[in-house]
Structures are given as C-alpha cells and as structure tokens.
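Asks: need a structure here:
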Amino acid sequence: MTQATAHRTDRSARLRAAWLELKSQRKIRQRDAAALLEVSEGELLATGVGDGVTRLAGDLREVLKRAPTLGRVMALTRNESCVHEKTGVYERIEADGMVGLTLGADIDLRLFFAHWKHGFAVTEAGEHGAMKSLQFYDGAGQAVHKIFLKDGADADAYERLVRAAAAPDQQPGLEVAPRAPRKGERPDAAVDVAGLRAAWANLEDTHAFFGLLGKFDVSRTQALRLGGTDLAYPASLDGARRLLEDVAVTGLPIMVFAGNPGCIQIHTGPIHNLRPIDHWLNVLDPGFNLHLRTDHIASAWVVRKPTTDGVVTSLELFDADGETIAMLFGERKPGRPELAQWQATVERLFPAPACTA
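Replies: A predicted model of the protein is given here:
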C-alpha cells in the first residue's frame, strides 16, 4: 500500500465512523449525510469499498453498455433540486464518443461522458432485502447517474458485470477534485443582443440552442432575459405546480427533462398522481417518480424555440445560481409539430406580456 493510499484509507475510516454515528442517531439519506459531513456523496460512498461497495475500473461507457442485460431497473438522475426516476429496461445505448444517449420505451438519457469519472457497484440493506445498484460520479464526487435493480432484474447478470468491471484497488476512500466554479456572466452591455436574437429566431433545431449560448457567451438565464418577450418571458414561481396540476387532470402527455452536467433524463407521457409534501412537489406514478424542490425555484421562464417543425414551447426552471432544475415540454418527436393543446395550455396558464423586442 502506497503512502497516498494509506492516507486515503485512514481518512476514509474516520469519515465512515462519523457516518455510522450519524446513521445510529437518525434515518438519513446518503446525500444528506454527505452534506452534513461536508464531503461529496462519492467520498462518503467510497468509505464502504470492501464492505458492500465495489470500486469499478476501466471505461465506464463499457459498463453502461451492459445495462440492458440487467433487465428491469430504476434509472435515477438528479441535481440539487430535482430527482428524476424511471423504471424500465435499458434498450438502445449509444456510448462510443464523449456524448451518448439511450433510447427506449422507458429509459431515455442524454449522456456527457467527460463528467463520468468514478463508478461503484453497491449492495445495501433495504426495506425489502438487499438493494443492488450501479452508481456513477463526476471528478468532484457528485452523483451523475444511478441504476437500481428492481424485482425481476437479472441478479446473475449484475454479478457478472461487477466481476468483469471490478478495479484491482478495493481499498476504501476516494480522491476528488474541487468542484469547478460557476462561470460568471458578462455584463449585458457586452452582449451582442441583436445577433443573439437573430440567431435564436433562425433556429431550426432545439438542440442548437446550447451552441447559441456558447457562440454569444451568455448564460441560459441571461439569454432568456435578453431575448425579448416574443422568445422568452418570466412565469410565476409556482408555474411548475400549476402546470403539473393542470396536465395531471387533462391527461395531456408531456416531457420532463432533469439532470446534471453528466446526464439528462427524460420522461415522456402523461402524469397522474401529483402529491405536494412540504417543499417537495412529487409525481408518484408507476414507472415514473419526480421529486421537485419548489422552494429552490428562483426563476421560471416560458421559452419559445423555432424549429423546422414549428415553434417548440417549454417551461424552464432555474435555481438562485441560474442552474437548470428542470424543463417541461409537450410530448413531441422530430418531424412532428408540438401539440396544439400544449401550446394552448401554456398560453392559458402563463399569458405572454406585450412584446418588448
């Protein structure tokens, strides 16, 4: 064991003792415990390597490619303010480059593998027996994506995957990098607003909007603020609740995007069982759960993006730092215009102000 490994292991032992003490006092989730102990979730999880946690090695894209062999699972992707859970089977996975995706009847992901730095296989006690999962973290130890086996999953395939991907180093502990600081906004006066508006108005694909932000060196919320009310305008902070309540009654199918820099997870379809609990707004449907921290919503925007299929309308939610919490769209597919009922619903709930462009 090298000196660096010994130092990591010693620090991990102290951290694990603190975590076990915390768990003896109350029921607490791993992420919340990490926050209280002022470490990342990945660092806390890695204290269990060798005791229910197996460190994975190699190309994590290759691990993900084997997810279809697991059968029925729950895919979980989250950020600080939103947890998105989909139950189903991984189907088509494209993961050969640094940007990938999964497409299937249930599990739909957009993947950015530059952020996939650490992987673990985890077996922990649950209410109904042992709970097995694959968990992926970025370089700072922040969770990127998790896969939990459900009833009917292929446990043997899971064990084969873990054996094949297990790292030679199974000492506890994890060395992490500092979280990258958020890039500050340029002054509005330094932005080519006319150019931004013209490029936005001439979009042909919603995916090109991200590139537009880079071209004009603006944050997403800065672009929404400067774009003009024909392209984006503020909605009420309770807009997500109002919209989800409405579509839960009408049965209008929607798309819910949520995630983090390493993974965006998408639900497509109606929602039914909406339950607010304290600051959380929860969708508790078979196959889809959403947990949205409403008190973290610092701004909400109705956004319109032109495409070759017509205008695409979304409700986009942001926290106090301007980070995206979630985005809500009407159900649509490339080659089809968005649902007229979705446009009408958004316009009814969030009437557009007079155009200021």
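Asks: the helices in the stretch 101-250 of the chain, which residues?
Replies: 155-165, 193-201, 208-215, 220-226, 239-250 (DSSP state H, counting those that start in this stretch).
Asks: of these, flag the one that's most buried.
Replies: Among these, helix 220-226 has the highest mean neighbour count (mean count of other Cβ atoms under 10 Å), at a mean of 19. For the C-beta atoms, the positions are set from N, CA and C on the backbone; glycine is no exception.
Asks: so which bits of the longest helix along the chain are buried?
Replies: The longest helix of the chain (DSSP state H) is helix 3-25. Within helix 3-25, the residues that qualify as buried are R8, T9, R11, S12, L15, R16, A18, W19, counting by 16 or more other Cβ atoms under 10 Å.
Asks: what helices or strands is the next helix or strand after it leaning on?
Replies: Sequence order places helix 30-36 as the next helix or strand after helix 3-25, per DSSP states H and E. Counting contacts by 3 or more Cβ pairs under 8 Å, 6 or more residues apart in numbering; DSSP states H and E, helix 30-36 packs against helix 3-25, helix 41-46.
Asks: tell me where the model's unsure across the stretch 251-357 of the chain.
Replies: Within the stretch 251-357 of the chain, the stretches with pLDDT under 70 are 355-357.
Asks: dig out what H291 forms beta bridges with.
Replies: H291 has these beta-bridge partners by DSSP bridges: V83, N282.
Asks: is it true that it touches D278?
Replies: No: between H291 and D278 there is no contact under Cβ atoms under 8 Å: 11.1 Å.
Asks: looking at those two, which is more packed in?
Replies: Using other Cβ atoms under 10 Å as the criterion, H291 and D278 rank with H291 on top: 17 against 8.
Asks: on that earlier part again, can I get the buried residues of helix 3-25 in a markdown table with pLDDT and distance to A352?
Replies: What follows is the buried residues of helix 3-25, written out as a markdown table (pLDDT from 0 to 100; distance: Cβ to Cβ, whole Å):
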| residue | pLDDT | distance to A352 |
| --- | --- | --- |
| R8 | 80 | 55 |
| T9 | 81 | 59 |
| R11 | 89 | 55 |
| S12 | 91 | 54 |
| L15 | 93 | 51 |
| R16 | 93 | 54 |
| A18 | 92 | 52 |
| W19 | 89 | 50 |
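Asks: which one of those sits closest to F113?
Replies: Nearest to F113 among the buried residues of helix 3-25 is R8, at 24.9 Å by Cβ to Cβ.
Asks: all strands of the stretch 251-357 of the chain, in order?
Replies: Here the stretch 251-357 of the chain has its strands, by DSSP state E, counting those that start in this stretch, at 254-260, 263-269, 274-277, 280-285, 288-293, 299-305, 312-318, 324-330.
Asks: what residues are up against T324?
Replies: Counting by Cβ atoms under 8 Å, 6 or more residues apart in numbering, T324 makes contact with N79, R220, E316, L317, F318.
Asks: if you rank those residues by neighbours, which is first?
Replies: Counting by other Cβ under 10 Å, top hit in the contacts of T324: L317 with 26 neighbours.
Asks: who's in contact with the closest residue to it other than its chain neighbours?
Replies: Leaving aside its chain neighbours, L317 sits nearest to I325 (4.2 Å; criterion: Cβ to Cβ, 6 or more residues apart in numbering). Contact analysis of I325 by Cβ under 8 Å, 6+ apart lists N79, S81, C82, A258, L292, R293, H296, I297, L317, F318, D319.
Asks: at 10 Å instead, please
Replies: 79-82, 240, 258-259, 292-294, 296-300, 316-319 (Cβ atoms under 10 Å, 6 or more residues apart in numbering).
Asks: no further questions, thank you.
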